[in-house]
Every structure is written in structure tokens, then in C-alpha cells.
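J.: Give me the fold of what follows.
(one chain, ligands or ions: 3)
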Amino acid sequence: MKLNIAVLPGDGIGPEIVAQAQKVIDAIAVKFDHEVNYTNALVGATAIDKVGNPYPDETHEICMNSDAVLFGAIGDPKYDNDPKAKVRPEQGLLAMRKKLGLYANIRPVTTFPSLLDKSPLRLDIVEGADFVVVRELTGGIYFGEKGRSEDLKKAFDTCTYTTEEIERILKLAFSYAGKRDKRLTVVDKANVLATSRLWRETAQAMEADYKDIEVDYMFVDNAAMQLIQWPKKFDVMVTENMFGDIISDEASVITGSLGLLPSASVGIHTSVFEPIHGSYPQAAGKDIANPIATVLSAAMLLESLDLLDEAKAVRDAVNESLDAGVVTEDIARDGKASKTSEVGDWLTNFIKNN
Ligand SMILES: NC(=O)C1=CN([C@@H]2O[C@H](COP(=O)(O)OP(=O)(O)OC[C@H]3O[C@@H](n4cnc5c(N)ncnc54)[C@H](O)[C@@H]3O)[C@@H](O)[C@H]2O)C=CC1
Ligand SMILES: CC(C)CC(=O)C(=O)O
Ligand SMILES: [Mg+2]
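T.: Ligands and ions are numbered 1, 2, ... in the order given. Next up is the predicted model:
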């Protein structure tokens, strides 16, 4: 098969972690006799620096013409620490999601047997935890009208959702639950927010079409607590953009590191495969960031193209590397950390030789 992959490394650790995922895809291509064509494109702070736009039209064209997009991360302290900056790297990520119609971000949270002790939570709490956060990705407060009063002493962000936006993400979440343990938790703040009440009303109306799915409703503050106290009670969680952003970072604690969680952003046009973490600028250029979230995002990319044996070979390699202790410093034992690039090399060799 011929694969056209758009590669958007972005900022900070983005280029380093994406390079490892590309090495892994290359090894898979050789093993399974595929031809891979990568097209690199600018996004984020790097794109602002080069062309003044965090999501240039050329990048959009490249994404639209690809079979899938492999994305690293965006963000730079020079913008984080300048609240007055008008053009920001994050606008590039949001524009990409909106223009590609990526209304759903699928964030699977699974524990790895050899890393159970890396979670700050007790082993009996985390062992066997396995759930998916389905996060709405192109609506809500991140995309709502925002502004600042003339005297600069007041600012506002608005959260808006339409029934149509809620229905399409719920449909996808119901279908995920149908393929798993048939349990769906709708996370909202319906005791306070009008948008959340619309989410709850819409979900309640859809229950009749999915009689085999057990649906429950949970306020987001309670969900944030229960996720840590009883992670095993969850199967599929579905929620709005900002709540999903926050609870999925929180969920990474169950697995041991934010550097382990992959995601797939799907919707209308092409799909984007991206780690859930950011550009981790403190680690940029040091070859220490964990590449596994990005490598597992590449596995999700292969699955999206129905290359299931190929994806399994990536997952097997990752599991073996974790069992063998070939890991970066965030999940290392007894000070024995491998570099980002060494983890990538190990995975590549494992795929070649097995
Ligand atoms: N999808 C994206 O591109 C995202 C971009 N950002 C941007 O990233 C920049 C940094 O944001 P932060 O809040 O510091 O979040 P972050 O996710 O970059 O890092 C938070 C912490 O998580 C850990 N971490 C993250 N990735 C890791 C990896 N691969 N290996 C090991 N440890 C890892 C580190 O301890 C790090 O200090 C900001 O500019 C922010 O806007 C933040 C989240 C998502
Ligand atoms: C710019 C942010 C919305 C990025 C983020 O935190 C994420 O997508 O997880
Ligand atoms: Mg986030």
C-alpha cells in the first residue's frame, strides 16, 4: 500500500518525538512492504517564526491531500509568557482542528503491566484500568467569542454548543461504547451550565436509539475525583472540549506519565494523530522526552487505515520496550533512562527482527 502522511512536528519536543514515530512507521513499511511518502509542513510557533501564520494555507493543503496527519505538539514559552501576543501557536492547532473538521478527539487510557508501579496511585486502583475519553474538539469555550473591555479590566470567553454538534460527538461515543463494554458516562456540569443542560438533554433523547448501552451522567467535578479513586469503573467517557482536555491529562496519571497517552482526532476531512501532551519546552532539544505517546498515535494512524497487523506490531514493540526497561527518564527505574532517540532505535530494531 502507498501511504501519504503529512508530518507536522511543531514546536519544543515535537520534532524529536515525531522523528521516533517516523522511524517506527518506516520499519513497519519495510516489514509489511508498504511505500510511505511523508510531506512535512509548518505549524505553531515555528510557523509563526517562518511565515507569520501558525497554520499556513500550505499546511492545510498538505493535510487535506494526505491519507493521515502525524502531529507533534505546538507551544512556546515566549508566547505563554506574553499574554498580550496577538498571534499565538495554539491558534494554529485550533485552526487546524476547525478547518479539518476534527470534531472528535479519541483518547484511550490503558495501563501497561510493567509500569503499574509508576503511577502514584495504588496498584489495586490502577491495575486493569482501560477506558476512552471522547472529547468534543471543535466547539465550546475554546472556539467561542472572547474579548476584553476597553479599560482592559474585564475579559470574557463564551461557551456555545448546538444540538447538531452534540449529537454527532455523542453518536461517535455511543458507537465506541457499543464496541467495548457498552457503558457510557456523559460528563457535564448540567447543574450550572446551559450548554451542559443541552448536552444532557440531547444524550437522554438519544438513549432510546442505543438500548444496549448503559448510560450514566456525572458532573465534571465528581468525574475528576472518581477517575482517580475508581478508574476501573469507566468504559467510555464523553464530554465537551475543555472538560475533555483537562480530565484526559488527569487520566494520564493512572498510566504513569503524560508521555504515554496517544490520540486520534477524527471528523469530516482527514484524521490527525497526536500525543495528548504539549510541547514540553523544558525538554526541547535534550533527547529526553518520552516518544511513546507519539509512537502509539502512529499505531492509531495505522489502525485508521485498516493496517491492523502493522499496528499490532507497533504495539507489541512498545510493550516489549517497556518490559525490557528501555524507557525515558519519566518512567525509568533505578536511574536507568534511555534517550528519546534510543527508544526509537530500540523499537525500530525490534520491529525489524521480530
Ligand atoms: N496538543 C498540543 O500541541 C498542546 C500544546 N500545549 C502547549 O505546550 C506548551 C507547554 O505546556 P504545558 O502545560 O507545560 O504541557 P506539556 O504537556 O507540554 O507538559 C506538561 C508536563 O508533562 C510532562 N510531559 C509532557 N510530555 C512529555 C513527554 N513526551 N515525556 C515526558 N514527560 C512529558 C512533563 O513533566 C511536562 O512538564 C504550552 O505552550 C502549551 O500551550 C499544551 C498541551 C497540548
Ligand atoms: C491549545 C490546547 C487546546 C491544546 C491542548 O491542551 C490539547 O489539545 O490537549
Ligand atoms: Mg491538553
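
J.: Which residues are in contact with S66?
T.: The neighbours of S66, taking CB atoms under 8 Å, 6 or more residues apart in numbering as the test, are N4, I5, A6, T39, T270. C-betas here are computed from N, CA, C, even on glycine.

J.: May I ask which two of those residues are separated the most?
T.: Farthest pair in the contacts of S66 (CB to CB) is T39 and T270. Separation: 12.1 Å.

J.: Need the overlap of contacts for these two.
T.: Shared contacts of T39 and T270, counting by CB under 8 Å, 6+ apart, come down to A6, S66.

J.: Report all helices and strands that the helix ranked longest in the chain contacts.
T.: Secondary structure of the chain per DSSP state H: the longest helix is helix 14-32. Packed against helix 14-32, as judged by 3 or more CB pairs under 8 Å, 6 or more residues apart in numbering; DSSP states H and E, are the following elements: strand 2-10, strand 35-40, strand 68-73, helix 292-304, helix 308-323, helix 340-353.

J.: again, 6 Å this time
T.: strand 68-73, helix 292-304, helix 308-323, helix 340-353 (3 or more CB pairs under 6 Å, 6 or more residues apart in numbering; DSSP states H and E).

J.: what about P83, how many neighbours?
T.: 7 (other CB atoms under 10 Å).

J.: coming back round to it: save the helices and strands packed on helix 14-32 as TSV, and put in mean pLDDT, mean neighbour count and distance to ligand 1 too.
T.: Shown next, in TSV, are the helices and strands packed on helix 14-32 (pLDDT from 0 to 100; neighbours: other CB atoms under 10 Å; distance: least, CB to the nearest ligand atom, whole Å):
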stretch	mean pLDDT	mean neighbour count	distance to ligand 1
strand 68-73	98	26	4
helix 292-304	98	25	6
helix 308-323	98	18	14
helix 340-353	98	19	8
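
J.: Tell me which of the ones you listed sits nearest to ligand 2.
T.: Ligand 2 lies closest to strand 68-73 among the helices and strands packed on helix 14-32, at 8.5 Å (CB to the nearest ligand atom).

J.: Could you point out the helix or strand that follows that closest one?
T.: Next in sequence after strand 68-73, counting helices and strands by DSSP states H and E, comes helix 77-80.

J.: buried set for that next one?
T.: Neighbour counts over helix 77-80 (16 or more other CB atoms under 10 Å) mark Y79, D80 as buried.

J.: Could I have the CA atoms of that helix written out in PDB?
T.: What follows is helix 77-80, C-alpha atoms only, in PDB (Å, rounded to 0.1, in the frame of the first residue of the first chain):
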ATOM      1  CA  PRO A  77       7.300  29.900  26.400                       C
ATOM      2  CA  LYS A  78       7.800  33.200  24.500                       C
ATOM      3  CA  TYR A  79       4.100  33.200  23.800                       C
ATOM      4  CA  ASP A  80       3.000  31.500  27.100                       C
END
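
J.: Name the residues that touch that helix?
T.: A85, R88, P89, P281 (CB atoms under 6 Å, 6 or more residues apart in numbering).

J.: Same question for stretch 107-123.
T.: Counting by CB under 6 Å, 6+ apart, 126-127, 129-133, 248, 251, 254-256, 263, 276, 322-323, 331 sit against stretch 107-123.

J.: Mark which of those are buried, thanks.
T.: For the contacts of stretch 107-123, buried by 16+ other CB under 10 Å: 126, 129, 131-133, 248, 251, 254-256, 263, 276, 322, 331.

J.: In CSV, list the contacts of helix 77-80 along with neighbour count, pLDDT and distance to E61.
T.: CSV is the format used below for the contacts of helix 77-80 (neighbours: other CB atoms under 10 Å; pLDDT from 0 to 100; distance: CB to CB, whole Å):
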residue, neighbour count, pLDDT, distance to E61
A85, 14, 92, 26
R88, 20, 97, 22
P89, 28, 98, 20
P281, 17, 98, 28
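
J.: tell me, which of these make contact with ligand 1?
T.: Within the set of the contacts of helix 77-80, contact with ligand 1 (CB under 6 Å from any ligand atom) is found for P281.

J.: rewinding a little: now go through the contacts of stretch 107-123 and say which are in helices.
T.: Those of those lying in helices (DSSP H): V126, S248, A251, I254, T255, L322, D323.

J.: Hmm, the first one is touching T255, no?
T.: If I follow you right, that is V126. No. Here V126 lies out of contact with T255, judged by CB atoms under 6 Å, at a distance of 7.8 Å.

J.: Leaving out the residues flanking it, which one is nearest to T138?
T.: With CB to CB, 6 or more residues apart in numbering as the criterion, T138 has its nearest non-adjacent residue at 4.7 Å, and that residue is Y103.
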